[in-house]
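J.: test case, fold it:
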Amino acid sequence: MELRHFRYFLEVVEQGSFTRAAQALHISQPTLSQQIRVLEREVGATLLVREPGGVSPTPAGVVFHEHVAAILAATADAVSAARLRAGGPRTLRIGIAGPLPGDIQMPVISAFKEAFPDVRTAWRALELNELDRPLLDGDVDVALIRLPLDPERLDWEVLVDDEPRAVLVPIGHPLGEAETITLDDVIDASFVAIADSVPLAAQRWWTFYDERNREDARFVGEPVDTVAAAALSIRLNRVPCPGPFALRDTLALSGITTLPMTGLSPTVTVAARRRSDEGLPEVFCELAARTVRELRAAGAV
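T.: The predicted structure follows:
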């Protein structure tokens, strides 16, 4: 029994589907199904009910899920604690879920490098199919990212809390004539399809799941899991796609209009870390918040 079996089991339970879990884990569905059967044999109990409409945990699976989730969280915490005991990481790994408002990652990282010249920084772009997972899994130490995030395992400092939500539409779309739009303008619209590998909390927040009384939106086209793929789908399928307003300045493809939405809570960009990481990750998040506050006071964001 290995930790990867625990991760596989958690993903299947959280996704409610072997197909979606396999996509999120980037493995084939037959391989995932085989590994779950191996896990059930080693546990000596059936953990999942497999039905045509999806997968759900058995009573034994519910108990197993609670313990496995705690084990994986404790494992991540143990890694972080060991790093701190060893004097903290010599390299700070930064995840960036861009585009960010005002291109704030540049002054934030520059301020950190100036304050800690002996610490090497490495960064990676976090695509839609990743978002907070690399941070939760310990693949990055901090992330510049938008909410929603897991409040039980992550802590964060708010950087920008007034970026409007937006809807991206192809040029020539009926919505493109307006300067701003409201939820009523798009509540019945079909959107660009989002891949199941994109974290569910983010999918639902961006497609107004709560605002539509906890019902899924309608989707068109092949599911996308990157910003570039979403932009292509907008143009090819002639349908809107919700997203952050910062896409207006950074979207690589032409032929798309970005319309700010009114009447909705704005997006919130944060510097996030795992709750157990109190060394350089905590310092980075605090420094990031202070840097952005100074930029905003100077009118630079």
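J.: which ones are touching the spatially closest residue to residue 115 that is not a sequence neighbour?
T.: Computed as Cβ to Cβ, 6 or more residues apart in numbering, the closest residue to residue 115 that is not its neighbour in sequence is residue 287, at 6.3 Å. Bear in mind the C-beta positions are built from the backbone N, C-alpha and C, glycine included. Residues near residue 287 by Cβ atoms under 8 Å, 6 or more residues apart in numbering: 108, 111-112, 115.
J.: pLDDT of whichever helix or strand residue 287 is part of, averaged?
T.: Applying DSSP states H and E as the criterion places residue 287 in helix 280-297. Mean pLDDT, helix 280-297: 92.
J.: pick the one among the contacts of residue 287 closest to residue 185.
T.: residue 108 (34.4 Å; Cβ to Cβ).
J.: for residue 266, see how far away the closest residue to the closest one other than its chain neighbours is.
T.: Distance criterion Cβ to Cβ, 6+ apart; nearest residue to residue 108, sequence neighbours excluded, is residue 288 at 4.5 Å. Going from residue 288 to residue 266 by Cβ to Cβ, to the nearest Å gives 19 Å.
J.: quick one, which of the two is more surrounded?
T.: Neighbour count, other Cβ atoms under 10 Å: between residue 288 and residue 266, residue 288 has more, with 28 against 16.
J.: pretty sure that one is touching residue 271, no?
T.: Yes. If you go by Cβ atoms under 8 Å, residue 288 and residue 271 touch, sitting 3.8 Å apart.
J.: which residues do the two both contact?
T.: Shared contacts of residue 288 and residue 271, counting by Cβ under 8 Å, 6+ apart, come down to 108, 144, 157, 159.
J.: give the contact list for the residue nearest to residue 108.
T.: 108, 111-112, 144, 157, 159, 271.
J.: swap in 10 Å and give it another go.
T.: Shown in contact with residue 288 (Cβ atoms under 10 Å, 6 or more residues apart in numbering): 94, 104-105, 107-109, 111-112, 142, 144, 156-159, 269-272.
J.: so which of the residues you listed sit within helices?
T.: For those, the ones inside helices are 105, 107-109, 111-112, with DSSP state H as the criterion.
J.: distance to residue 217 for those - can I get that in CSV?
T.: What follows is those, written out as CSV (distance: Cβ to Cβ, whole Å):
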residue, distance to residue 217
105, 30
107, 36
108, 33
109, 35
111, 39
112, 38
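J.: name the member of these with the most neighbours.
T.: Neighbour counts for these, by other Cβ under 10 Å, peak at residue 108, which reaches 26 neighbours.
J.: isn't it up against residue 270?
T.: No. Residue 108 is not in contact with residue 270 according to Cβ atoms under 10 Å; the separation is 11.5 Å.
J.: what sits in contact with each of these two?
T.: 144, 159, 285, 288-289.
J.: buried only: go through the residues you listed for me.
T.: 144, 159, 285, 288-289 (16 or more other Cβ atoms under 10 Å).
J.: which one of these sits closest to residue 199?
T.: Once Cβ to Cβ is applied, the member of these that ends up nearest residue 199 is residue 144, at 16.5 Å.
J.: quick one, what contacts the closest one?
T.: 94-98, 100, 104-105, 108-109, 123, 126, 156, 159, 269-272, 284-285, 288, 292.
J.: gap between the residue nearest to residue 115 and residue 74?
T.: Residue 287 is 28 Å from residue 74, by Cβ to Cβ.
J.: residue 127: how many residues sit nearby?
T.: 16.
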